[in-house]
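>>> build me a model from this:
(one chain, ligands or ions: 1)
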Amino acid sequence: MKNNIKKLDISEEYWSRAEKTIFSLVQLYDEGSGSHVRGSYPRFIKRGKHGHIWDMDGNEYIDYDMGLGPILLGYCYDPVDRAVMDQLGLGMEFSLVSPQEVEYAELVCEHIPCAEKVRFLKTGSSAAEAAVRVARAYTGKKHIIRGEYHGWHEWTIAAEGYRQGGILPEVRQYIHTCRYNDFDAFESIFEKNRGDVAAVIIEPLIIDEPQNNFLHNLLDFCHANGALLIFDEVVTGFRFDIGGAQKVLGLTPDLAAFGKAAANGMPLSFVTGPKEIMDAVDKDVYLFTTFGGERLSLAAGIAVIKELRDKAVNERIMAIGGRLKSETNKMAERLGVNISLRGYAPRLMFFFKDSGGNYDFNGKNIFLQECVKRGVFIGWTVFPCYTHTDQDVDYTLNVFEEAMKVYKNHADSLNAWKSLFTRR
Ligand SMILES: Cc1ncc(COP(=O)(O)O)c(C=O)c1O
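Model (predicted):
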């Protein structure tokens, strides 16, 4: 690969067509210009193979967006594609339970610590909502305390400060947001809504490590107060381990929601929990959907879990992410730029600080733009996949170095201007 991004004309042409017909334009909020610098990033991707993608104009990139998480093994990964093709010849959707549901559920129960009963859905949002519904039904309580993003459904998005159109205001009184590691905040919301908190739903591992036994304390605290702890494993599920982040942490939540990587890009998600909870609400909770047993996704999902079981997929992802993280951070230090790559190896995030210690959005855009121009495609999150090669990582690190140098020039000249204006 070379610095080969020449033109984005076809992409831009599709974009003007999209503006006429596609509501809100991007499929996921993160795909907007906030993470993909306008004019530098292609708007449309035509195809992918393993860790690489090609845009509509034929430019090739090493991709670390990975469909915003679902692509764990790589694009067009043979064993998964073959499973989908085999199933395609047999039919996609029928009116009875799919045998693939049983096979997938058995694998889930074998590997995921909290799993004894499984309900299949299609998106992370529905899996998270299903977990919340089960928790409310099981505890008979109303309030939910949530962490970061859990999808677009009303129960959770009502707690955000943007795009509140169509949300019933009364829903807001039952949903509360707390930051990861802020145990006091969780305690205080429990206190304010004493006896009426159904569940805490959080991502088990995000960027910062749990402090002061945060997750274990939270589980104990939930139980002491008659609430359930739900792990939103929509991103961490399968990416951190075949058994999810709960396996890595050695901490079993009451319920868990999985999505994204559950079928390496095919739409599949699920809610899972122990029989004691799931069976208790089985007759009360309505969780039925036409495509829950859709077979192409389940076939893909079974192939994914078998790959994770039989090959060192997670180890490889850890190694790639680990190398990217440590070498990038060393490089930033050596070049004297305030850039860091933080988080866990399977899910990393860039941070950029300006001279005042604030998040440097302009600098971030400059860095990303220099990367994408050189064929390295990065969004908010850096997701390594199983089929990123060592050469991909070498190339990426070289590009990071070049992009950091441009970033440094920008930061230095900005600081020079600032000091000029503040000098007396
Ligand atoms: C942690 C988490 N939960 C839930 C969701 C919602 O998943 P989906 O977009 O598949 O509905 C997301 C999506 O980014 C997520 O990151």
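
>>> for the rest of this, base every contact and every neighbour count on C-alpha atoms.
OK.

>>> would you mind listing what in the stretch 201-350 of the chain touches the ligand?
By C-alpha under 6 Å from any ligand atom, the residues of the stretch 201-350 of the chain that approach the ligand are 203, 232, 234, 235, 260.

>>> can those residues go into TSV with extra columns for neighbour count and pLDDT?
Formatted as TSV, those follow (neighbours: other C-alpha atoms under 10 Å; pLDDT from 0 to 100):
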residue	neighbour count	pLDDT
203	22	98
232	32	98
234	29	98
235	26	98
260	27	97
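
>>> nearest to residue 154 among these?
The shortest approach to residue 154 among these belongs to residue 232, at 16.4 Å (C-alpha to C-alpha).

>>> gap between residue 64 and the ligand?
15 Å (C-alpha to the nearest ligand atom, to the nearest Å).

>>> which residue is nearest the middle of the protein?
The residue lying closest to the centre of the chain (C-alpha atoms, centre = their mean) is residue 235, at 3.7 Å.

>>> that one is in what secondary structure piece?
For residue 235, there is no host helix or strand (DSSP states H and E).

>>> residue contacts, it?
69, 70, 258, 259, 260, 261 (C-alpha atoms under 8 Å, 6 or more residues apart in numbering).

>>> quick one, what contacts the fifth one?
Just to be clear, that refers to residue 260. 69, 70, 71, 123, 124, 234, 235, 237, 267, 268, 269.

>>> next, the third one: phi, psi?
When read as degrees, to the nearest 10, the backbone of residue 71 gives phi -80, psi 100.

>>> do a quick rundown of the helices in this structure.
Taking DSSP state H as the test, the helices found in the chain are 9-21, 78-88, 99-111, 124-139, 154-157, 183-192, 214-224, 244-249, 275-281, 295-310, 313-335, 361-373, 390-422.

>>> which one of the ones you listed is the most hemmed in?
Most buried of the helices of the chain, by mean neighbour count (mean count of other C-alpha atoms under 10 Å): helix 124-139, with a mean of 24.

>>> that one close to the ligand?
Yes: using C-alpha under 6 Å from any ligand atom, we find that helix 124-139 touches the ligand at 124, 125.

>>> so which of the residues of the stretch 201-350 of the chain next to the ligand is the closest to residue 96?
Out of those, the member with the shortest distance to residue 96 (by C-alpha to C-alpha) is residue 260, at 24.9 Å.

>>> how about that closest one: what's its closest non-neighbour residue?
Counting by C-alpha to C-alpha, 6 or more residues apart in numbering, the nearest residue to residue 260 once its immediate chain neighbours are dropped is residue 70, at 4.2 Å.

>>> quick one, what contacts the one you found?
235, 259, 260, 261, 262, 263, 264, 265 are the contacts of residue 70 under C-alpha under 8 Å, 6+ apart.

>>> ok so, going back, ok, which pair from the contacts of residue 235 is furthest apart?
Spatial extent of those (C-alpha to C-alpha) is set by the pair 69 and 258 at 11.9 Å.

>>> make CSV out of the helices of the chain and add mean pLDDT.
Shown next, in CSV, are the helices of the chain (pLDDT from 0 to 100):
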stretch, mean pLDDT
helix 9-21, 87
helix 78-88, 98
helix 99-111, 98
helix 124-139, 98
helix 154-157, 97
helix 183-192, 97
helix 214-224, 98
helix 244-249, 98
helix 275-281, 98
helix 295-310, 98
helix 313-335, 98
helix 361-373, 93
helix 390-422, 86
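
>>> in TSV: the ones you listed, plus distance to residue 52.
Shown next, in TSV, are those (distance: least, C-alpha to C-alpha, whole Å):
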stretch	distance to residue 52
helix 9-21	17
helix 78-88	15
helix 99-111	28
helix 124-139	25
helix 154-157	33
helix 183-192	41
helix 214-224	36
helix 244-249	25
helix 275-281	41
helix 295-310	19
helix 313-335	15
helix 361-373	13
helix 390-422	9
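
>>> what parts of the stretch 1-150 of the chain come near the ligand?
123, 124, 125, 149, 150.

>>> my guess is the last one meets residue 160, correct?
No: under the contact definition of C-alpha atoms under 8 Å, residue 150 does not touch residue 160, with a separation of 10.8 Å.

>>> neighbour count winner among the two?
Using other C-alpha atoms under 10 Å as the criterion, residue 150 and residue 160 rank with residue 150 on top: 23 against 14.

>>> one step back: compare the contacts of residue 70 and tell me which is most surrounded.
residue 259 (32 neighbours).

>>> I figured it hits residue 233, correct?
Yes: using C-alpha under 8 Å as the test, residue 259 is close enough to residue 233 to be in contact (7.3 Å).

>>> distance check, residue 145 against the ligand.
Counting by C-alpha to the nearest ligand atom - residue 145 and the ligand are separated by 14 Å.

>>> next: residue 396.
Residue 396 sits 25 Å away from the ligand, taking C-alpha to the nearest ligand atom as the criterion.

>>> domain-wise, how is the chain divided?
For the chain, automatic domain parsing gives the domain ranges 9-63+313-422, 78-310.

>>> thinking again about what came up before, farthest pair within the residues of the stretch 1-150 of the chain next to the ligand?
Spatial extent of those (C-alpha to C-alpha) is set by the pair 123 and 149 at 13.6 Å.

>>> the more surrounded of residue 69 and residue 258?
Using other C-alpha under 10 Å, the more surrounded residue of residue 69 and residue 258 is residue 258, with 29 against 24.

>>> I figured residue 309 hits residue 242, correct?
Yes: the pair residue 309 and residue 242 passes the contact test of C-alpha under 8 Å, sitting 7.1 Å apart.
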